[in-house]
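**Student:** Got a sequence here, can you model it:
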Amino acid sequence: MDIHGNKLTVDVAEALGKLTSAPNCHISTLLLHRNRFKNRGVQILCSALRQNWSVVVLNLEGNGITNDGADAVAEYVHNNETLTYINLTDNEISAAGTIQIAKALMGNSVMSHLLLSQNKIGNEGTVALSDILQHENCGLVHLEVNSCGMSFFIFSNVLGISDEGAVSLAIALTQNVSLLSLRLYNNHLSEDAGKALSELLIRNNTIVSIDIKGNQIDHSTYLKIKKTLKRNKVTKMQIEPNYVCLREQIFNI
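**Tutor:** Below you'll find the predicted structure:
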């Protein structure tokens, strides 16, 4: 179901809630981005979705969601065994909301795509996401935290991802075997963070794509990271004949 960009509000969220909580509901995709559900609409919808086992994709990008809405999302995804993709890009979620979502997803082997770009998740939120990646049952294959730094939140770098958050993700990747793609562009990460990422990635044999454009990382360091990713990609193509088809499915949602 695609009803994005229609400035829909709480009343539509209530109707969707009734529809998706019905026993005979078979809706698998809810593209609700760029509406005006706000926290109340998301709370109503997520409460109903806790009774739904058909929705696989949920896009709530740009709906004015703050931490209260993020808490409702966390309650929904906790113990959910159906949802594989959730997009929360361009909302007003801070570290506190991110931490609740991360706790709810801890050990979740079903969720494969988590998009949190353009939110004020900060280093605390990024560390919480790193904890997900280190869990032995982590199922994430694609994580986006673009423009969560000074370049987006111009007036306060404290709210963005700094080197501390980026390094925590890199350390997590030394133990993670599921993530294929990480998006970290436009966060004003320094060359020190780039070097740490480059060194730690050598210990990861899974990830094949990292977007670090828009940061303060030297080209030479970028090339080292790219070399490691190429190694992983070649290895995957050798041991997983269907890797190319799988990659297309992952990145084209």
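**Student:** ok, and residue 15, which helix or strand is that part of?
**Tutor:** Secondary structure assignment for residue 15, by DSSP states H and E: helix 10-20.
**Student:** got a list of contacts for that helix?
**Tutor:** Here helix 10-20 makes contact (CB atoms under 8 Å, 6 or more residues apart in numbering) with 3, 25, 27, 30, 32, 35, 37-38, 40-42, 44-45, 47-49, 52, 54-55. C-beta coordinates here come from the backbone N, C-alpha and C atoms, glycine included.
**Student:** In helices only, show me these.
**Tutor:** When the contacts of helix 10-20 are checked against helices (DSSP state H), the matches are 38, 40, 41, 42, 44, 45, 47, 48, 49.
**Student:** And the third one, how close does it get to residue 200?
**Tutor:** I take that to be residue 41. For residue 41, the distance to residue 200 equals 40 Å [CB to CB, to the nearest Å].
**Student:** Assign the nearest residue in space to residue 100 that is not next to it in sequence to helix, strand or coil.
**Tutor:** Spatial nearest neighbour of residue 100, excluding adjacent residues (CB to CB, 6 or more residues apart in numbering): residue 74 at 4.2 Å. At residue 74 the chain is in helix, as set by DSSP: H, G, I helix; E, B strand; the rest coil.
**Student:** so residue 74 touches residue 104, yeah?
**Tutor:** Yes: Residue 74 lies in contact with residue 104 (CB atoms under 8 Å); the separation is 3.9 Å.
**Student:** Summarise which helices and strands the helix or strand residue 96 falls within is packed against.
**Tutor:** Secondary structure from DSSP H and E places residue 96 in helix 95-105. The helices and strands touching helix 95-105, judged by 3 or more CB pairs under 8 Å, 6 or more residues apart in numbering; DSSP states H and E, are helix 67-77, helix 122-134.
**Student:** shaky segments in this structure?
**Tutor:** 149-160, 236-253 (pLDDT under 70).
**Student:** Now do the helices in the stretch 151-253 of the chain.
**Tutor:** Along the stretch 151-253 of the chain, the segments classed as helices by DSSP state H, counting those that start in this stretch run 163-173, 191-201, 219-239, 243-251.
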